[in-house]
Structure formats: C-alpha cells, structure tokens
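**Q** Let's see this in three dimensions:
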Amino acid sequence: MSRIGKKAVALPKGVEAKIEGQKITVKGPKGSLSRVVPECLKIELAEGAIKLSPAAQPEDLFAQWGLYRMLIDNMVVGVLTGYRKTLDITGVGYKAEVKGKNLVVTVGYSHSVSIPAVDGVKVVAETPTLISIEGIDKALVGQIAAEIRSIKEPEPYKGKGIKYTDERIRKKVGKTAGK
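**A** Model prediction:
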C-alpha cells in the first residue's frame with residue numbers, strides 16, 4: 001500500500017475541485033489547473049477532501065497512486081499560493097533583462113540568449129543579477145527555471161554562471177594549489 005497515496009488532499013477555504021470522470025479541475029484565487037488521472041485509480045470528492053484509491057491491482061499501481069496524490073496536492077497549493085523560484089547570476093558583465101515578454105540573458109557568449117514567454121509563468125528580472133519565476137503550475141515553474149539555468153551553469157572554479165538562489169556551489173581548488 002502507498003503511504004502517501006492513502007492520505008486525502010484537503011481543500012482549503014477558497015479552493016474548489018470538480019471531478020468529471022477521470023479528469024480533476026482545481027480552481028482557486030490564483031487560477032485553475034486540471035489533470036487526467038489514469039484509469040487504475042478511482043478519484044472521489046468527499047468532506048472537503050480529494051481521495052484516491054486503487055481500482056485495479058497492476059504492478060506499478062502503488063507508485064502511480066502516490067504520484068497522482070502529490071500532483072493533485074501540488075495543484076491545490078499552486079492555485080492557492082502559487083510557486084516561485086529565484087535565480088542568481090554571477091559574473092562580470094553577466095545580466096538579465098525583460099524585453100517585451102521575453103527574457104534576454106547576457107552571460108559571456110558572443111550573443112545574447114532570448115527565452116520566450118510561456119503562458120501561465122511570469123518571469124521578472126528584479127535586478128540585473130536576480131531572476132524571479134512565478135506561476136501556479138509547479139512543474140512548469142521548475143522547468144522554466146531549469147532551462148534558464150542551463151544557459152550557463154555555474155562553473156566550479158569561480159562560481160560564474162546562473163544558479164538557484166538556495167543552491168550551494170562547491171568550489172574546486174585551482175591548478176596552482178596542487179603543487
């Protein structure tokens with residue numbers, strides 16, 4: 001049995017859920033999200049909570065049971081409070097700015113890198129060296145943050161590049177220290 005899957009997802013005040021067959025839609029003050037749950041899981045709304053239970057006994061059921069319970073919980077948190085990731089840019093001349101709806105990043109290449117805007121995600125360059133990504137879909141916010149970070153990952157000698165604000169870069173000792 002899935003320990004995570006057995007727990008019900010509580011619906012806080014201001015969040016509504018609607019179930020149509022295997023599709024669940026969650027609405028809150030920040031917006032609306034929907035997801036289709038696989039046929040091997042039964043989904044029901046009872047007493048202000050969403051409960052998932054197994055409908056069959058396939059081998060990978062328990063992993064899916066816990067996964068979809070957490071995905072639904074992430075939807076509830078997203079429409080209630082939203083998600084936010086921040087990125088720091090470190091390096092001389094490295095900067096980011098929003099032009100129109102696109103984020104333009106200058107990180108030591110011969111050209112600037114432009115990241116197009118995505119619906120449902122707000123990208124803001126708070127300062128030239130701090131990027132903030134906000135949205136209601138946790139996976140989409142994380143994906144956009146990872147794509148921006150992959151433009152210039154932090155290098156281990158000086159730490160130059162784009163990193164998450166809470167990320168720690170383990171710096172290596174340079175070549176001369178080994179002698």
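
**Q** E126 is in contact with S132, isn't it?
**A** Yes. Using CB atoms under 8 Å, E126 and S132 qualify as a contacting pair, with a distance of 5.4 Å. Where C-beta positions appear, they are placed from N, C-alpha and C, glycine not excepted.

**Q** Tell me which of these two has more neighbours.
**A** Ranked by neighbour count (other CB atoms under 10 Å), E126 and S132 place S132 first, with 16 against 10.

**Q** how is this protein carved up into domains?
**A** Domain ranges of the chain: 3-80, 83-164, per automatic domain parsing.

**Q** Tabulate these (JSON lines), appending mean pLDDT and distance to V173.
**A** Formatted as JSON lines, these follow (pLDDT from 0 to 100; distance: least, CB to CB, whole Å):
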{"stretch": "domain 3-80", "mean pLDDT": "90", "distance to V173": "40"}
{"stretch": "domain 83-164", "mean pLDDT": "94", "distance to V173": "9"}
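
**Q** so can I have CSV of the ones you listed showing distance to K172?
**A** Listed next are these as CSV, based on distance: least, CB to CB, whole Å:
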stretch, distance to K172
domain 3-80, 36
domain 83-164, 5
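
**Q** Can you give me the neighbour number for the nearest residue to E16 once chain neighbours are set aside?
**A** Closest residue to E16 apart from its sequence neighbours, by CB to CB, 6 or more residues apart in numbering: K27 at 4.8 Å. Close neighbours of K27, defined as other CB under 10 Å, add up to 15.
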